[in-house]
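Colleague: prediction below, plus the sequence it came from.
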Amino acid sequence: MLLHAFPLGARMWEPQHALADAGWHVVMPQFRGFDCREPDEVPAASLDDYAGDVADLLETINIERAVIGGLSMGGYVTLTLYRHAPELFAAMVLADTRADADTADVRRNRDRLIAVAESGGSAAVADDMIPKLLGASTRATRPGTEMQVRALVAANIPRALIAAQRAMSNRPDSTSVLDSIEVPALVVVGEEDVLTPPPLASAMAARIARAQASVIPAAGHLSSLEQPAAFNAALTAFLDRL
């Protein structure tokens, strides 16, 4: 089960559909409110809401345990779900994410992004965030990836992006959760990730008893989209060892 990043949606994981060729049942849920599929849906108030939705989905599709992972905000939700229901995990994947809570400066930036979403909509959020989401190599050599990310962001209604920002801003510190993880874990990070850089990923992996780390070359914060072949290779190798 792969949980998507902010401010994208579940379609960011389309390159990982290839895992099905190896026999894996790949589930890529959409967080509530994203893609405007249910315009009257109550927005998430916290990451607990997203995590609860994931647990409910697993029950609905009769999966007792899964390899669960996420990128960026999806990683926050993964750790939140593990805090509440570790029994759902056969293994964990944490990609381009972090366990610590927001600093005051980050919270102020989230408030600024909320104002951007309120005044300019999803397109303005994309303009603001893409320079930080994509690595320098991607921006210089793969313009198609930037266009893809813009389309994924634009598919989301501003209300969903605002709710997600508030949920992330108020999330608790999950550093202690890392120490409690007993299942195998893969920590992945883009080599050029400026939001959650490789040293941060290494520190996270060091706190997880059964973790291994993988750095994706020539990728930024959206490593699964920027370098899907390398990301899939790291993920497949991890899954094959389970």
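Modeller: That came through, no problem.
Colleague: what's the longest helix in this structure?
Modeller: Counting residues, the longest helix found in the chain (DSSP state H) is helix 104-133.
Colleague: pull out the buried residues from that helix.
Modeller: 110, 113-114, 116-117, 122, 124-126, 128-130, 133 (16 or more other Cβ atoms under 10 Å). Just so you know, the C-beta spots here come from the backbone N, C-alpha and C atoms, and that holds for glycine as well.
Colleague: likewise for stretch 171-190?
Modeller: Across stretch 171-190, burial judged by 16+ other Cβ under 10 Å covers 171, 174, 177-178, 181, 183-190.
Colleague: from the residues you listed, which is closest to residue 26?
Modeller: Looking at the buried residues of stretch 171-190 and their distance to residue 26, the nearest is residue 186, at 15.3 Å (Cβ to Cβ).
Colleague: residue 141 versus that closest one, what's the distance?
Modeller: In this view, residue 186 and residue 141 are 27 Å apart by Cβ to Cβ, to the nearest Å.
Colleague: what number of residues lie near residue 230?
Modeller: Other residues lying near residue 230 total 20 when counted by other Cβ atoms under 10 Å.
Colleague: my read is that it contacts residue 216, right?
Modeller: Yes: counting by Cβ atoms under 8 Å, residue 230 touches residue 216, with 5.0 Å between them.
Colleague: overlap of the contact sets of those two?
Modeller: residue 223 (Cβ atoms under 8 Å, 6 or more residues apart in numbering).
Colleague: so residue 139 makes contact with residue 146?
Modeller: Yes: Residue 139 is in contact with residue 146 according to Cβ under 8 Å; the separation is 6.5 Å.
Colleague: wait, what's in contact with residue 142?
Modeller: residue 226.
Colleague: my error: substitute residue 67 in the last question.
Modeller: By Cβ under 8 Å, 6+ apart, the residues touching residue 67 are 1, 89-93, 239, 242.
Colleague: give me that answer again for 7 Å
Modeller: If you count contacts by Cβ atoms under 7 Å, 6 or more residues apart in numbering, residue 67 has them with 90-91, 93, 239.
Colleague: hang on, residue 68 is in a helix, isn't it?
Modeller: No: looking at residue 68 with DSSP: H, G, I helix; E, B strand; the rest coil, it is strand, so not inside a helix.
Colleague: the spatially closest residue to it that is not a sequence neighbour: what's it in contact with?
Modeller: Nearest residue to residue 68 in three dimensions, chain neighbours excluded: residue 1, at 4.7 Å (Cβ to Cβ, 6 or more residues apart in numbering). Listed by Cβ under 7 Å, 6+ apart, the contact set of residue 1 reads 27, 29, 54, 66, 68.
Colleague: for the fourth one, give the beta-bridge partners.
Modeller: Using DSSP bridges, the beta-bridge partners of residue 66 come out as residue 89.
Colleague: phi, psi of the most centrally placed residue in the chain?
Modeller: The residue lying closest to the centre of the chain (Cα atoms, centre = their mean) is residue 71, at 2.3 Å. The phi and psi values for residue 71, taken as degrees, to the nearest 10, are phi -110, psi 130.
Colleague: neighbours around the closest residue in space to it that isn't next to it in sequence, how many?
Modeller: Among residues not flanking residue 71 along the chain, residue 95 sits closest, at 4.1 Å (Cβ to Cβ, 6+ apart). Other residues near residue 95 number 31, with proximity taken as other Cβ under 10 Å.
Colleague: how much space between residue 95 and residue 109?
Modeller: Residue 95 is 21 Å from residue 109, by Cβ to Cβ.
Colleague: and for residue 103, the neighbour number?
Modeller: Neighbours around residue 103, by other Cβ under 10 Å: 9.
Colleague: I appreciate the help and will end here.
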